[in-house]
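Trainee: Kindly return the folded structure for what I paste below:
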Amino acid sequence: MLENKKFFIKTHGCQMNEYDSDKLTDVLRVNLKMVETKNPGSADLLLLNTCSIREKAQEKVFHQLGRWKKLKDKKPGMLIAVGGCVASQEGKSIRSRAPSVDIIFGPQTIHRIPKMIKDLYTFDLKSAVDISFPEIEKFDYLPISDKKAPSAYISIMEGCSKYCTFCVVPYTRGEEFNRGFDDIINEAMKLSSQGAREIILLGQNVNAYKSIDHNGNPVSLSDLIRYISHIDGIERIRYTTSHPIDFSQDLINEYNNNKLANNLHLPIQSGSDLILSKMKRKHTVLEYKSIIKKVRNIRPDIHLSSDFIIGYPGESDYEFQKTLDFIEELNFSDAYSFIYSPRPGTPAAQEMDYISDTIKSDRLKELKDLIKHQSNCYSEKMLGKTEKVLVEGLSRKRNNEVFGRTDNNKVINFPGNEELISKLVDVRIDEIRANTLHGTCLNIK
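Mentor: Below is the predicted model:
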């Protein structure tokens, strides 16, 4: 009934959503024998995987659904499915505004999509909705991907129990839950056998990971990293995104492991203790600095990045200046920075916001300019040096070049062909370009 029918997935948001979309692809191919298409107009099933972190996320979703409705009007048998965090947040109300939607599913129910589709056809239902939080069941039913790629993601935990005042994640993805240790190791071994050379461990608070091994011993993120580093073929390990209050000494010590990549993304959101307290981040600026100092004692040149929210309610000029001073002192080499926007249902949405849009925009520009300067300085120090690069694919702009990532997570392009893909090669850094580096591969004779 559904074999060889086509599906199209559009993804908004974070790496967790990208991971979920990859798993959706596996679920539809393995369970329903459907075929992915890059052309939404030719699809029998359109899936929108949504994100609710940023401002006006819902509007972005409904604009997309409006465009897809026109496609469905031309092809009445087409199904439209909405998943992800906006689906989890809005639930059945999505259909009241967009009646063309047939399926609504949450981040924890992507494995139930085949049944929902079959039920629509079998029982002639008008819609199917499942935004529940069955937790670990999802991973029991997700097929391991047979996709061959140099770098592969593994979700090791999901959800969040921190309840920062500005964040919707605990409400849209549920509280923290962890995958079994053995399941993760088995998936890493499978991915390695398929050609993966780099494993990226994912979680909303990935360093909160806790489980037990096959002998009943407790294991943490640092243990996972150590075990995966011994798998044949795995040359590099990364993880994202971490939280300061779960950054243990064991994890810091793991930076002695040369297979753990030389980059750290550790969100702080503000350099002001007052704002951190209002956000309920549960740590101080000094505690954050202590973590970075310990990591830099092991990796002095680590690529350090973070997240910053600008214009949180109560952020005075003085508090913002403390954030700038903090950034200057810590010398970040990159950051994601955003103007605060209230998310429905979060405690911060109830706070009075007296900061004008103009002030927020000016602050954001000043912060971004500082980060850009620090990023450029970091890249300039790499000029002339030789870096180990994992080649990920052919360059999008030049067919005689390939691209990859350095150990410190910098994207670099250099002359080469597809035979280099999936290999770790030595590349000399010759040039800094707008968003990437450019170099020369020293392994090519």
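Trainee: Mean pLDDT per helix and strand in this protein: which one sits at the bottom?
Mentor: One helix or strand of the chain scores below all others by mean pLDDT, DSSP states H and E: helix 137-141, with a mean of 79.
Trainee: could you point out which element follows the strand or helix carrying Leu304?
Mentor: In this assignment (DSSP states H and E), Leu304 forms part of strand 303-310. Proceeding N to C from strand 303-310, the next assigned helix or strand is helix 317-330, under DSSP H and E.
Trainee: Could you spell out the sheet neighbours of the helix or strand just after that next one, each with its direction?
Mentor: Moving toward the C-terminus from helix 317-330, the next helix or strand (DSSP H and E) is strand 334-339. Using DSSP bridges, strand 334-339 pairs in its sheet with strand 303-310 (parallel).
Trainee: Just the angle for the strand it pairs with relative to helix 317-330, thanks.
Mentor: Put simply, strand 303-310 runs at 180 degrees to helix 317-330, going by axes from the mean of the first three to the mean of the last three CA atoms, to 10 degrees.
Trainee: residue ranges for the helices of the stretch 301-445 of the chain, please.
Mentor: Assigned by DSSP state H, counting those that start in this stretch, the helices in the stretch 301-445 of the chain fall at 317-330, 357-380.
Trainee: my bad, should have said the stretch 151-300 of the chain
Mentor: Residue ranges of the helices in the stretch 151-300 of the chain, as given by DSSP H, counting those that start in this stretch, are 169-172, 181-193, 221-229, 249-253, 273-279, 285-298.
Trainee: again, but for the stretch 1-150 of the chain
Mentor: All helices of the stretch 1-150 of the chain, identified by DSSP H, counting those that start in this stretch, fall at 15-32, 57-74, 84-90, 93-97, 113-123, 137-141.
Trainee: Stretch 22-40: end-to-end distance?
Mentor: 17 Å (CA to CA, to the nearest Å).
Trainee: average pLDDT for it?
Mentor: Mean pLDDT, computed over stretch 22-40, is 93.
Trainee: just stretch 398-408 next, same as before
Mentor: 94.
Trainee: what's the answer for stretch 201-218, then?
Mentor: 94.
Trainee: picking that back up, mind listing what's buried in the least confident helix or strand of the chain?
Mentor: Across helix 137-141, burial judged by 16 or more other CB atoms under 10 Å covers Lys138, Phe139. Just so you know, the C-beta spots here come from the backbone N, C-alpha and C atoms, and that holds for glycine as well.
Trainee: What's the local residue count around the closest residue to Thr406 other than its chain neighbours?
Mentor: What sits nearest to Thr406 in space, not counting adjacent residues and going by CB to CB, 6 or more residues apart in numbering, is Glu387, at 4.2 Å. Neighbourhood size, Glu387 [other CB atoms under 10 Å]: 20.
Trainee: quick one, the strand holding Leu304 and helix 285-298 angle?
Mentor: Interaxial angle, strand 303-310 versus helix 285-298 (the same axes, to 10 degrees): 160 degrees.
Trainee: Distance from the chain centre to strand 303-310, please.
Mentor: Its chain's C-alpha centre and that of strand 303-310 lie 14 Å apart, by CA atoms, centre = their mean, to the nearest Å.
Trainee: in the sheet, who's paired with Gln269?
Mentor: Beta bridges link Gln269 to Phe308 when assigned by DSSP bridges.
Trainee: what pLDDT does it get?
Mentor: Gln269 carries a pLDDT value of 98.
Trainee: Would you mind measuring from it to Tyr288?
Mentor: Distance of Gln269 to Tyr288, given as CB to CB, to the nearest Å: 10 Å.
Trainee: So which residues make contact with the strand holding Leu304?
Mentor: Defining contact as CB atoms under 8 Å, 6 or more residues apart in numbering, one finds that strand 303-310 is touched by 166, 262-270, 279, 292, 320, 323, 327, 330-340, 360, 363-364, 367, 378, 408-410.
Trainee: Check which residues of that strand are buried.
Mentor: Those would be His303, Leu304, Ser305, Ser306, Phe308, Ile309, Ile310, for strand 303-310 by 16+ other CB under 10 Å.
Trainee: cool, stretch 369-386 as well?
Mentor: Residues of stretch 369-386 classed as buried: Leu370, Ile371, Gln374, Ser375, Tyr378, Ser379, Met382 (neighbour count, 16+ other CB under 10 Å).
Trainee: Include distance to Asn258 when you put these into a markdown table, please.
Mentor: A markdown table is the format used below for these (distance: CB to CB, whole Å):
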| residue | distance to Asn258 |
| --- | --- |
| Leu370 | 32 |
| Ile371 | 28 |
| Gln374 | 26 |
| Ser375 | 25 |
| Tyr378 | 20 |
| Ser379 | 22 |
| Met382 | 18 |
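Trainee: Dig out what Thr240 forms beta bridges with.
Mentor: Taking DSSP bridges as the rule, Thr240 bridges to Leu202.
Trainee: Let me know how buried it is, in neighbour terms.
Mentor: 22.
Trainee: what's the spacing between Lys88 and Asn49?
Mentor: That one is not Lys; residue 88 is Ser. For Ser88, the distance to Asn49 (CB to CB) stands at 11 Å.
Trainee: Repeat that for Lys322.
Mentor: Lys322 is 37 Å from Asn49, by CB to CB.
Trainee: now swap in Ala81 and tell me
Mentor: Counting by CB to CB, the separation of Ala81 from Asn49 is 9 Å.
Trainee: average model confidence for stretch 51-61?
Mentor: Across stretch 51-61, pLDDT averages out at 75.
Trainee: returning to that earlier point: go through the buried residues of strand 303-310 and name the one nearest Ala349.
Mentor: Nearest to Ala349 among those: Ile309, at 13.6 Å, using CB to CB.
Trainee: coming back round to it: could you dump the helices of the stretch 151-300 of the chain into CSV with mean pLDDT and mean neighbour count added?
Mentor: Formatted as CSV, the helices of the stretch 151-300 of the chain follow (pLDDT from 0 to 100; neighbours: other CB atoms under 10 Å):
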stretch, mean pLDDT, mean neighbour count
helix 169-172, 89, 22
helix 181-193, 95, 18
helix 221-229, 98, 21
helix 249-253, 98, 16
helix 273-279, 98, 19
helix 285-298, 98, 16
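Trainee: Redo those helices as TSV? Include distance to Ile110.
Mentor: TSV is the format used below for the helices of the stretch 151-300 of the chain (distance: least, CB to CB, whole Å):
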stretch	distance to Ile110
helix 169-172	14
helix 181-193	16
helix 221-229	23
helix 249-253	29
helix 273-279	30
helix 285-298	34
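Trainee: of those helices, which approaches Met352 most closely?
Mentor: Of the helices of the stretch 151-300 of the chain, nearest to Met352 by CB to CB is helix 273-279, at 12.2 Å.
Trainee: what does that closest one rub up against?
Mentor: 164-166, 268-270, 283-285, 309, 312-315, 319, 323, 348, 351.
Trainee: Now with 7 Å, please.
Mentor: With CB atoms under 7 Å, 6 or more residues apart in numbering as the test, helix 273-279 has contacts from Cys164, Thr165, Phe166, Gln269, Ser270, His283, Thr284, Val285, Tyr312, Gly314, Glu315, Glu319.
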